[in-house]
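Asker: this one's structure only:
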Ligand SMILES: Nc1nc2c(ncn2[C@@H]2O[C@H](COP(=O)(O)OP(=O)(O)OP(=O)(O)O)[C@@H](O)[C@H]2O)c(=O)[nH]1
Ligand SMILES: [Zn+2]
């Protein structure tokens, strides 16, 4: 069987990288299980596992393959098993925030071009939450598109759009209804050729329904969600889906659980909070100041530097919630792009790259 990898999102960049290793077989990860993977190569779908050398060289969990990754493999002579030797550099990566003891982020998907941030126009409407999803999306390296769903249940769409104008500045916004079909074609326009997309947003906003309409079928039959003994949703189904019209949708359980979380940093980072109180200067930024208890703990091996980094990241995110919507947006734009003009340029540039 011959598979056209272009239909699985192959880009020029990946094809060139793969060409430098002609003895290895290029494949894309379509499923991730505890120890094993499912990948698709030019010869079709095949089970995969990590090569010993690769596993040995892996230092952090985020080096391991995730759904959407392009990998270089050696395939057994009978075509029954692909052994992963390399993960090719990612163009984007969706990661669950690193909160907890290990401070290690958890990968959700890689090489996504467009992230549809779904929010329903009736019950789920919340500009603040949208803002956090947008931050998450920009952080990943993918381009966010805001999808306002269930337009059929909303009498004042224009008003709702106006209310979001500050938050969605510089981002495409689609209004649609899976029920009437309105706006679904606008969505489809992003999912063509070798594009890879993902849907995030709260439960019940209509993500599955939209994916189904892109797939051109009534129910997302590929998702067989069952609840395991720990009460978690698990799925045994394909997580990277090829659309008949071109383009690829990545829909993993991790994506579904990717809820925006606010929270109290002092609880999750009690160790750092305790150290901060011991710094010599009250306004210590824990970088190069003399008498910094945080840096001292890192030097002594009592605190992981990565943990401080994720603390910083969350602290920055949380500081947004003390500002007005406009201030937050400006601070975010400033942080990412240096200014609004630069942001628009960056966005156009990224879109051009992706059209190539
Ligand atoms: N009126 C209306 N209902 C919709 C629309 N889209 C989806 N729904 C309904 O909303 C409910 C939830 O839709 P789903 O597609 O399952 O939502 P989801 O975002 O995938 O939810 P999770 O799988 O929990 O993440 C279903 O009962 C759908 O029939 C729409 O455009 N209009
Ligand atoms: Zn300090």
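Answerer: Okay, I see it. Because the structure is predicted, anything quoted here is derived from the model rather than measured. Ligands and ions are numbered 1, 2, ... in the order given.

Asker: going forward, measure contacts between C-alpha atoms and count neighbours the same way
Answerer: Fine.

Asker: Could I get the average pLDDT for stretch 292-312?
Answerer: Throughout stretch 292-312, pLDDT has a mean value of 87.

Asker: With stretch 126-133 instead?
Answerer: 78.

Asker: quick one: that stretch to chain centroid distance?
Answerer: Averaging C-alpha positions (Cα atoms, centre = their mean, to the nearest Å) puts stretch 126-133 16 Å from its chain's average.

Asker: try stretch 167-177
Answerer: 18 Å.

Asker: Just the buried residues of that stretch, please?
Answerer: Buried residues in stretch 167-177, counted by 16 or more other Cα atoms under 10 Å: 167, 168, 170, 173, 174, 175, 176, 177.

Asker: same question, stretch 51-71
Answerer: Buried residues in stretch 51-71, counting neighbours by 16+ other Cα under 10 Å, are found at 51, 54, 64, 65, 66, 67, 68, 69, 70, 71.

Asker: In strands only, show me the residues you listed.
Answerer: Secondary structure from DSSP state E places 70, 71 of the buried residues of stretch 51-71 in strands.

Asker: which one of the buried residues of stretch 167-177 is nearest residue 308?
Answerer: For the buried residues of stretch 167-177, the closest approach to residue 308 (Cα to Cα) belongs to residue 167, at 28.8 Å.

Asker: what helix or strand is that closest one on?
Answerer: Taking DSSP states H and E as the definition, residue 167 sits outside all helices and strands.

Asker: Now it: phi and psi?
Answerer: The phi and psi values for residue 167, taken as degrees, to the nearest 10, are phi -70, psi -40.

Asker: circling back: going by distance to ligand 1, which of the buried residues of stretch 167-177 wins?
Answerer: residue 177 (3.5 Å; Cα to the nearest ligand atom).

Asker: Remind me which helix or strand the closest one belongs to.
Answerer: According to DSSP H and E, residue 177 maps onto no helix or strand at all.

Asker: so it makes contact with residue 157?
Answerer: No - the criterion here is Cα atoms under 8 Å, and residue 177 misses it with residue 157 at 11.7 Å.

Asker: okay, and the common contacts of these two?
Answerer: Taking Cα atoms under 8 Å, 6 or more residues apart in numbering as the contact rule, residue 177 and residue 157 both touch residue 151.

Asker: Dump the buried residues of stretch 51-71 into JSON lines; add pLDDT as well.
Answerer: Below are the buried residues of stretch 51-71 laid out as JSON lines (pLDDT from 0 to 100):
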{"residue": "51", "pLDDT": "95"}
{"residue": "54", "pLDDT": "94"}
{"residue": "64", "pLDDT": "91"}
{"residue": "65", "pLDDT": "94"}
{"residue": "66", "pLDDT": "94"}
{"residue": "67", "pLDDT": "95"}
{"residue": "68", "pLDDT": "97"}
{"residue": "69", "pLDDT": "97"}
{"residue": "70", "pLDDT": "98"}
{"residue": "71", "pLDDT": "98"}
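
Asker: Go through the buried residues of stretch 51-71 and name the one nearest ligand 2.
Answerer: residue 64 (33.1 Å; Cα to the ion).

Asker: Which residues of this protein lie near ligand 1?
Answerer: 149-150, 152-153, 177-179, 203-209, 256 (Cα under 6 Å from any ligand atom).

Asker: out of these, which are buried?
Answerer: Listed as buried from those are 149, 150, 152, 177, 178, 205, 206, 207, 208, 209, 256; burial here means 16+ other Cα under 10 Å.

Asker: now, the most widely separated pair of these?
Answerer: The distance between the two most remote of these (Cα to Cα) is 23.8 Å, for 152 and 256.

Asker: In terms of helices and strands, where is residue 197?
Answerer: In the assignment (DSSP H and E), residue 197 maps to strand 196-200.

Asker: For that strand, enumerate the helices and strands it packs against.
Answerer: If contacts are counted by 3 or more Cα pairs under 8 Å, 6 or more residues apart in numbering; DSSP states H and E, strand 196-200 sits against strand 114-120, strand 248-250, helix 253-256.

Asker: Between strand 196-200 and the helix or strand following that strand, find me the angle.
Answerer: On the C-terminal side of strand 196-200, the nearest following helix or strand under DSSP H and E is helix 207-215. For helix 207-215 against strand 196-200, the angle between stretch directions is 150 degrees (axes from the mean of the first three to the mean of the last three Cα atoms, to 10 degrees).

Asker: Need the mean per-residue confidence for helix 207-215.
Answerer: The average of the pLDDT scores along helix 207-215 is 90.

Asker: nearest spatial neighbour of residue 194, skipping sequence neighbours?
Answerer: Spatial nearest neighbour of residue 194, excluding adjacent residues (Cα to Cα, 6 or more residues apart in numbering): residue 9 at 3.9 Å.

Asker: My guess is that neighbour contacts residue 196. True?
Answerer: Yes - here residue 9 lies in contact with residue 196, judged by Cα under 8 Å, at a distance of 6.0 Å.

Asker: shared neighbours, the two?
Answerer: Common neighbours of residue 9 and residue 196, using Cα under 8 Å, 6+ apart, are 247, 248.
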